[in-house]
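Colleague: for reference, the sequence and a predicted model appear below.
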Amino acid sequence: MENNVTSKDEGKKNKKCNKSLLQRYREATYEEIFNKVLVPILCEFCATLLHTFYGSMISPPTSPIVHASINRTILPGENAADYVVSALMPALQAGFAVWMIIVVFIKITVIQFNPVMSFSFMLVGLLSPYMFIPYVIAQLFGSATGAWIAQSIKGDEPGPFRIAEGLNVGAVVGAEVMSTGVMVFFGLAMTFDKKYDQATGPMAIGFTIFQGILAGRWVGSSCFNPSRAFGPSLVIGDWKHHWVWWVGPGAGSLIFTIVYMTFFAPEGKAWGVRIPNKFLKEKRKEHPTEVTTMSNNHTSHPV
């Protein structure tokens, strides 16, 4: 009886999985489409807009700023040598912004606001492949909107990510791989494991950004999010070295996703167990006699 019920449930699941995207769209109610498609995409747009806006507003000026109230003019690059202003403040701003945004949207959707995070979530099954492209488009559009608003308010560049002349581009890519990878690892640990109950998870992800910016300070790495770099680049039309902010974070996301899913995923879901088990099952189907012989040889007999 139980086996019949199980087989029926599995049949329903397989039938549902075999349905095309168009079939599922036709069968879905407006409420389902609104809550499961439109709202998450809108959340990605709003989250990336906020992230880019705040980051762009704190960026150092590229033209002189006159403060009449204190009778002083701040020149571009004036605070470049000040560690607190040029490194610590941006790191704190980015870390707290990520923490704040995750907490704001965490009860609505599994917020990502980063194409490489969405890519990782798609690889492990937390994000439907059909939603990946809409998510990324919403993230890029949100970043461009946030950068444009910041530029309109500041009257200055919206904090584009640039690699200064003379810096080692390979070192920047390497730092992006490591820092983004750690961020993705934390994100998977918090969302993929259903038993995860640490309320400080969003804060931990925010502090990976904080640590990553400080760690990459001297090599010129501080992005970890392709959409965050896309908006300012689009607004000012500067695409030099833009590929770095896609290749480095993308590679880090892929590498650390594989590491997490192979060794650290919850019991029964780790690729390090599932893949060998799948291979052994297929081998048993192809060579049932060999498997039977092996099992008979290893059967324990009473003395």
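Modeller: Now that the structure is in, tell me what you want to look at. On a predicted model such as this, the values are computed, not experimentally measured, just so you know.
Colleague: I'd like the next helix or strand past the helix or strand where residue 149 lies.
Modeller: When elements are assigned from DSSP states H and E, residue 149 belongs to helix 129-154. Sequence-wise, the next helix or strand downstream of helix 129-154 (DSSP H and E) is helix 169-191.
Colleague: which strands or helices does the helix or strand where residue 104 lies pack on?
Modeller: If you go by DSSP H and E, residue 104 is part of helix 89-105. Judged by 3 or more C-beta pairs under 8 Å, 6 or more residues apart in numbering; DSSP states H and E, the packing partners of helix 89-105 are helix 39-58, helix 201-215. Placement of C-beta: from N, CA and C, glycine included.
Colleague: who touches the last one?
Modeller: For helix 201-215, the external contacting residues (C-beta atoms under 8 Å, 6 or more residues apart in numbering) are 87-88, 90-92, 94-100, 102-103, 106, 175, 178-180, 182-183, 186-187, 189-190, 198, 221-222, 224.
Colleague: ok, back up a step: which elements pack onto the helix holding residue 149?
Modeller: helix 39-58, helix 115-124, helix 226-236.
Colleague: hang on, the earlier thing: touching the helix holding residue 104 from outside, list them.
Modeller: Contacts of helix 89-105 (C-beta under 8 Å, 6+ apart): 43, 47, 50-51, 54-55, 58-59, 111, 113, 202-203, 205-207, 209-211, 213-214, 222.
Colleague: to residue 261, which of the helices and strands packed on helix 129-154 lies closest?
Modeller: Counting by C-beta to C-beta, residue 261 lies closest to helix 115-124 out of those; the figure is 5.9 Å.
Colleague: dead centre of the chain: give me the residue that sits there.
Modeller: Computing the C-alpha centroid of the chain and ranking residues by C-alpha atoms, centre = their mean puts residue 117 first, at 1.6 Å.
Colleague: nearest residue to that one other than its sequence neighbours?
Modeller: Of all residues not flanking residue 117 in the chain, residue 187 sits nearest, at 5.7 Å (C-beta to C-beta, 6 or more residues apart in numbering).
Colleague: roughly how far does that neighbour sit from residue 57?
Modeller: Per C-beta to C-beta, to the nearest Å, residue 187 is found 25 Å from residue 57.
Colleague: next: residue 203.
Modeller: Taking C-beta to C-beta, one finds residue 203 at 22 Å from residue 57.
Colleague: can you check residue 143 too?
Modeller: Note on residue 143: its distance to residue 57, by C-beta to C-beta, is 14 Å.
Colleague: more neighbours: these two, which one.
Modeller: A direct count of neighbours by other C-beta atoms under 10 Å for residue 143 and residue 57 places residue 143 higher, at 32 against 17.
Colleague: surely the more buried one meets residue 233?
Modeller: No. Between residue 143 and residue 233 there is no contact under C-beta atoms under 8 Å: 9.3 Å.
Colleague: number of nearby residues for residue 26?
Modeller: Neighbours of residue 26 under the rule other C-beta under 10 Å: 9.
Colleague: what's the per-residue pLDDT of the residue nearest to the centre of the chain here?
Modeller: pLDDT, residue 117: 95.
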